[in-house]
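# Pasted the sequence and its predicted model underneath.
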Amino acid sequence: MKKVRISVMRITRYPDLMDEYENPIEHACDMTQGQTFLANGWQKPDGFCDSAWDSISPFVMTLAHGGENIYDGWMKNPKSAMISCNDGFRPVSFLLEALDENAK
């Protein structure tokens with residue numbers, strides 16, 4: 001099984017939606033742009049958001065098992081995917097990249 005690098009590419013916030021619909025939350029997300037994680041198949045990396053993992057884990061698993069070309073030619077690199085978490089107020093975009101067997 002291949003390892004998959006998960007890179008935080010962008011963190012977006014929608015303050016207008018938060019003001020109108022969200023109950024105040026003191027602490028919602030620990031991710032920072034540029035942060036990377038290494039996934040070993042189905043195992044969630046330490047410190048990774050549970051909700052974000054629920055959103056991206058099927059794609060991580062596909063890439064870890066050698067799957068390619070997710071969504072039929074969508075990505076320039078067929079061994080990658082750009083997936084966002086399901087937080088409608090502050091979505092985080094992740095670049096998932098399957099690593100070669102020898103990568104650390």
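Cool, the structure landed.

# pLDDT weak spots in this structure?
102-104 (pLDDT under 70).

# number of nearby residues for residue 69?
By other C-beta atoms under 10 Å, the residues close to residue 69 number 12. Using the backbone N, CA and C atoms, a C-beta is placed for each residue, glycine as well.

# Quick check: closest non-adjacent residue to it.
Distances taken as C-beta to C-beta, 6 or more residues apart in numbering place residue 78 nearest to residue 69, at 4.4 Å, with adjacent residues excluded.

# from what I can see that neighbour touches residue 68, true?
Yes: Residue 78 is within contact range of residue 68, at 4.3 Å (criterion: C-beta atoms under 8 Å).

# Nearest the geometric middle of this structure, what residue?
Centroid-nearest residue in the chain: residue 94, 3.7 Å away (criterion: C-alpha atoms, centre = their mean).

# Secondary structure element for that residue, which one?
strand 92-98 (DSSP states H and E).

# Mind listing the strands that strand pairs with, and their directions?
strand 3-11 (antiparallel), strand 80-84 (antiparallel) (DSSP bridges).

# Format those strands as JSON lines; extra columns: mean neighbour count and distance to residue 33.
Shown next, in JSON lines, are these (neighbours: other C-beta atoms under 10 Å; distance: least, C-beta to C-beta, whole Å):
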{"stretch": "strand 3-11", "mean neighbour count": "18", "distance to residue 33": "6"}
{"stretch": "strand 80-84", "mean neighbour count": "19", "distance to residue 33": "13"}
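
# Having no further points to raise, I will conclude here.
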